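Undergrad: Turn this into a model:
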Amino acid sequence: MLSWLKPILWAISVLLRTFPYRWTSAAGALAGEFVFRVLRFRRNVVRENLQRAFPQFSDSQILDVMAKNYRNYGRI
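TA: Below is the predicted model:
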């Protein structure tokens with residue numbers, strides 16, 4: 001990870017701890033959505049793994065699972 005990013009993420013996490021859980025969960029989901037849609041971090045790997053695990057899924061189903069997975073990771 002970039003060294004300048006670590007203190008920024010730490011400050012954001014400290015700030016978010018002061019808000020209600022619903023707000024922080026929504027903010028995390030948005031962060032996951034940002035990583036999925038904009039940064040596109042490891043999307044090809046995730047897509048390939050899901051296609052291997054669920055060969056019966058259509059492309060739209062794979063994308064839906066991918067998006068939900070990234071939103072969930074953002075909440076963690």
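
Undergrad: tell me the residue furthest from the middle of the protein?
TA: Farthest-out residue of the chain from its mean C-alpha position, per C-alpha atoms, centre = their mean: residue 56, at 24.1 Å.

Undergrad: Could you look up the SS state of that one?
TA: coil (DSSP: H, G, I helix; E, B strand; the rest coil).

Undergrad: How about the contacts made by it?
TA: By C-beta atoms under 8 Å, 6 or more residues apart in numbering, the contact set of residue 56 is empty. No exception for glycine: its C-beta is placed from N, CA and C like everyone else's.

Undergrad: Could you check how far it is from residue 63?
TA: 15 Å (C-beta to C-beta, to the nearest Å).

Undergrad: and if you look at residue 2?
TA: Taking C-beta to C-beta, one finds residue 2 at 28 Å from residue 63.

Undergrad: which of the two has more neighbours?
TA: residue 63 (15 against 6; other C-beta atoms under 10 Å).

Undergrad: Going by secondary structure, the more buried one is in what exactly?
TA: helix 59-75 (DSSP states H and E).

Undergrad: tell me which residues in the lowest-mean-pLDDT helix or strand in the chain are buried?
TA: Sorting the helices and strands of the chain by mean pLDDT, DSSP states H and E puts helix 5-16 at the bottom, at a mean of 86. When neighbours are counted by 16 or more other C-beta atoms under 10 Å, no buried residue of helix 5-16 is found.
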